[in-house]
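> Whatever this is, show me its structure:
(chains A and B)
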Amino acid sequence: MTINPDLQGRSYPAAEVYDVGREKIREFARAVKATHPAHFDVAAAEALGHSDLVAPPTFAIIVAQRADAQLIEDPDSGIDFSRVVHADQRFTHHRPIVAGDRLVAELHVDGVRAMGGGAMITTRSEIFALASGAAGDAASVREPVATTTSSILVRGEGQ
Amino acid sequence: MSVNIAELTVGQDIGSRSITVTRTDLVKYAGASGDFNPIHWNEAFATEVGLPGVIAHGMFTMGAVVQLVTDWAGDPAAVVDFQTRFTKPVPVADTTGTPEAGAVIEVSGAIGALDADAGTARVDLTVLSSAQKVLVKAQAVVRLA
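As a prediction, the model looks like this:
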């Protein structure tokens, strides 16, 4: 297994749109054992000033990992998914994710570093919300929502 | 918002909780997140790739421990930044059919820094499972003003 060193600096443009649904927010919240009513009850979310159900702080991982999949599944990357271990993760929220958001993610490969027989790969997803009714993802119709940064360790043989 | 930044001091404890984890929880998290890596549900596969057994998704642990912070802050949207390093896996034993937990995650939080101008507090989380630190530099920045 060899990680392609030319991955560093590569970008994948925003591809499919992720539609944030109320039931997905509820399902994700239950899966991380969240109980705050703003994830489940629209009136409770509205009472806090939100337009709809609020996603938990790590919900953006769904969108970020879909973006990462473009890299991991890229036959040119040399990444064996079964040998991937998550090393670190960061979420920076520019505004809360709420039900009804239509999200897209741009993926940037910020770092590739050899580690033993494997490699540490750092990716960044810039997540935007499309304006309602917008067909494309031109900068004029999208709003920054979150920046996620993730490092994965692709273990080499014997690691 | 239930927390007033002026009443906080660095080092102040915000509380703690225990989170139980079962194999069923990992299957639910896999479905909810879309992360179907078999190391989180298939014992034979996990062992084959050199792990001690099925391990929790790092993102399950990260997502579960931050609930201490959102409940303290009173609004999940108050968490404007959240980061961690994953240092040790959390092996989850197969306790299917019993009332036992497959693993227990202990989280506690304390104020790590205050920024009055930005109206934010940094909460530093200590996260242990089987007496080992499983997350390091687990920090959530919370907007309070």
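
> Not counting the lowest-mean-pLDDT helix or strand in chain B itself, show me its contacts.
The weakest-scoring helix or strand in chain B, judged by mean pLDDT, DSSP states H and E, is helix B:43-48 (a mean of 94). If you take C-beta atoms under 8 Å, 6 or more residues apart in numbering or on different chains as the criterion, helix B:43-48 is touched by A:82, B:38-40, B:52-55, B:94. (C-beta placed from N, C-alpha, C; glycine too.)

> Find the centremost residue of chain B, please.
B:Val65 (2.7 Å; C-alpha atoms, centre = their mean).

> The chain: helices as residue ranges?
No chain in the question, so chain A it is. Applying DSSP state H to chain A gives helices spanning A:22-31, A:42-47, A:61-72.

> The intended chain is chain B.
Using DSSP H, the helices assigned to chain B run over residues B:23-33, B:43-48, B:58-65, B:67-73.

> Close to chain B: what parts of chain A are there?
Taking C-beta under 8 Å from any C-beta of the partner chain as the contact definition, chain A meets chain B at A:24, A:27-28, A:30-36, A:38-39, A:48, A:50, A:54-58, A:61-62, A:65-66, A:81-93, A:96, A:149, A:155, A:159.

> Of those, just the buried ones, ChimeraX syntax please.
Filtering the residues of chain A next to chain B down to the buried ones (16 or more other C-beta atoms under 10 Å in any protein chain shown) takes a single ChimeraX command:
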select /A:24,28,30,31,32,33,34,36,38,39,48,50,54,55,56,57,58,61,62,65,66,83,84,85,86,87,88,89,90,91,92,93,96,149,155
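
> Test for you: state the pLDDT assigned to the residue nearest the centre of chain A.
Nearest to the mean C-alpha position of chain A, by C-alpha atoms, centre = their mean, lies A:Ala64 at 1.4 Å. As predicted, A:Ala64 sits at a pLDDT of 96.

> go on, A:Ser77?
For A:Ser77, the predicted pLDDT is 88.

> From A:Leu71, how far out is it?
Between A:Ser77 and A:Leu71 the distance is 6 Å, computed by C-beta to C-beta, to the nearest Å.

> joint contacts of the two?
Common neighbours of A:Ser77 and A:Leu71 (criterion: C-beta under 8 Å, 6+ apart): A:Leu7.

> Could you count how many residues lie near residue 117?
No chain in the question, so chain A it is. 14 (other C-beta atoms under 10 Å in any protein chain shown).

> actually chain B
The burial count for B:Asp117: 6, using other C-beta under 10 Å.

> before we move on, the earlier item: would you agree the residue nearest to the centre of chain A is in contact with A:Ser150?
Yes. Contact status for A:Ala64 versus A:Ser150: in contact at 6.4 Å, counting by C-beta atoms under 8 Å.

> Can you pull the residues that touch both of the two?
With C-beta under 8 Å, 6+ apart, A:Ala64 and A:Ser150 have common neighbours A:Ser125.

> Could you pick out the residues of chain B near chain A for me?
Counting by C-beta under 8 Å from any C-beta, chain B sits next to chain A at B:19, B:25, B:28-29, B:31-35, B:37-39, B:45, B:49-50, B:57-60, B:62-64, B:66-67, B:69-71, B:75-77, B:79-86, B:140.

> What average pLDDT does stretch B:125-143 get?
Stretch B:125-143 comes out at a mean pLDDT of 97.

> Buried residues, it. List them.
B:125, B:127-129, B:134-135, B:138-143.

> could you point out where chain A is predicted with low confidence?
Chain A contains residues with pLDDT under 70 at A:1, A:132-140, A:158-159.

> And chain B, by the same measure?
Using pLDDT under 70, the flagged stretches of chain B are B:1, B:145.

> returning to that earlier point: which one of the buried residues of stretch B:125-143 is nearest chain A?
B:Ala140 (7.4 Å; C-beta to the nearest C-beta).

> residues touching A:Gln89, list them.
For A:Gln89, counting by C-beta under 8 Å, 6+ apart, the contacting residues are A:61, A:148-151, B:58-59, B:62, B:83-84, B:86.

> Against B:Thr22, how distant is the residue nearest to the centre of chain B?
From B:Val65 to B:Thr22 the distance is 17 Å (C-beta to C-beta).

> Kindly report the same for A:Arg90.
A:Arg90 is 28 Å from B:Thr22, by C-beta to C-beta.
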